[in-house]
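Chemist: have a look; sequence and predicted model below, questions after that.
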Amino acid sequence: MRVLVVEDHAETADYIASSLRAQGHIVDHCANGREGFLSALDNNYDVMIFDRMLPGLDGLTLTRSVRGAGVETPILILSAMDGINDRVEGLEAGSDDYLVKPFSFQELSARLAALTRRPPLKAEETVLQVADLEMNLIRRTVTRAGVPLDLQPREFGLLEYLMRNAGRVLTRTMLLESVWDFHFDPKTNVVETHISRLRNKVDKPFDSDLIHTVRGAGYSLHG
């Protein structure tokens with residue numbers, strides 16, 4: 001793998017970089033968020049590791065900036081902040097995983113491997129369509145009835161999962177595990193909040209609703 005490590009703590013950065021190189025990976029290191037942003041845009045990485053507390057641009061701002069620039073490379077955030085809300089903020093910023101310090105390299109390595117195991121898109125899966133809702137997975141665009149919809153990265157991921165499972169009832173647990181990669185209940189209303197935001201963009205401006213609540217069960221997207 002080619003890995004970008006953005007970490008300002010020299011000892012931690014050296015520990016990560018030397019351990020990854022010992023496994024045969026190629027590692028680029030940046031010590032601040034601004035350098036990390038430029039490197040993320042200029043190079044083709046398999047996975048990126050961002051510390052949360054960085055000079056220049058903090059890890060969350062860096063993640064949002066990278067996602068806003070259209071870079072979809074998996075991102076893992078490292079942080080000493082271990083609260084549930086801290087983890088949720090990291091994932092909502094657009095990261096794919098969140099690892100709390102101190103950590104073992106064995107766990108970090110396993111998480112990076114999991115992030116890079118995602119299969120490439122098949123040709124027939126580059127465009128998803130449900131009724132008049134269309135999602136282009138290559139261009140990262142969504143339209144309804146030809147009208148472009150402006151979605152944040154997490155909203156896009158949630159809608160993609162709903163569209164891939166159109167007509168099925170998806171429970172809150174399924175959404176947490178598949179969209180947020182939470183294998184525990186964070187005790188927040190993160191799912192409900194994002195469903196509400198999606199409805200405001202996908203349903204509210206149009207004549208018919210596509211996102212439906214199945215009382216006592218979950219949510220379903222269908223025409």
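Modeler: Noted; the coordinates are in hand. All figures in this text were calculated on a predicted structure; none of them were measured in a lab. Residues are numbered from 1 along each chain as shown.
Chemist: can you find the helix or strand in this structure with the smallest mean pLDDT?
Modeler: helix 84-92 (a mean of 87; mean pLDDT, DSSP states H and E).
Chemist: can you map out the helices along the protein?
Modeler: Taking DSSP state H as the criterion, the chain carries its helices at 10-22, 33-42, 59-68, 84-92, 105-115, 153-164, 172-179, 190-202.
Chemist: about what we covered before: so what touches the least confident helix or strand of the chain?
Modeler: Outside helix 84-92, the residues within contact range by C-beta atoms under 8 Å, 6 or more residues apart in numbering are 52, 59-60, 63, 77, 79, 98, 154, 180-182, 186-188, 190. The C-beta positions use only the backbone N, C-alpha and C, and glycine is treated the same way.
Chemist: hey, C-alpha coordinates of it in PDB?
Modeler: Taking Å, rounded to 0.1, in the frame of the first residue of the first chain, the C-alpha atoms of helix 84-92 are listed here in PDB:
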ATOM      1  CA  ILE A  84     -18.600   8.800  21.800                       C
ATOM      2  CA  ASN A  85     -19.300  12.300  20.500                       C
ATOM      3  CA  ASP A  86     -15.700  12.700  19.500                       C
ATOM      4  CA  ARG A  87     -15.900   9.500  17.400                       C
ATOM      5  CA  VAL A  88     -19.100  10.600  15.900                       C
ATOM      6  CA  GLU A  89     -17.600  14.000  14.900                       C
ATOM      7  CA  GLY A  90     -14.700  12.200  13.300                       C
ATOM      8  CA  LEU A  91     -16.900   9.900  11.200                       C
ATOM      9  CA  GLU A  92     -19.300  12.700  10.300                       C
END
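Chemist: kindly report the domain assignment for the protein.
Modeler: Domain ranges of the chain: 2-116, 127-221, per the TED database.
Chemist: sorry, back to before: let's see if you can find the most crowded of the contacts of helix 84-92.
Modeler: Among the contacts of helix 84-92, the one with the most neighbours (other C-beta atoms under 10 Å) is T63, at 30 neighbours.
Chemist: let me know whether it touches G94 as I believe.
Modeler: Yes. Counting by C-beta atoms under 8 Å, T63 does reach G94; the two are 4.9 Å apart.
Chemist: anything in contact with each of those two?
Modeler: I75.
Chemist: before we move on, the earlier item: just name the most buried of the domains of the chain.
Modeler: Mean neighbour count (mean count of other C-beta atoms under 10 Å) peaks for domain 2-116 among the domains of the chain, with a mean of 18.
Chemist: circling back: distance between the least confident helix or strand of the chain and the chain's centre?
Modeler: 11 Å (C-alpha atoms, centre = their mean, to the nearest Å).
Chemist: and the gap between the spatially closest residue to A166 that is not a sequence neighbour and E92?
Modeler: What sits nearest to A166 in space, not counting adjacent residues and going by C-beta to C-beta, 6 or more residues apart in numbering, is V130, at 4.7 Å. According to C-beta to C-beta, to the nearest Å, V130 stands 24 Å off from E92.
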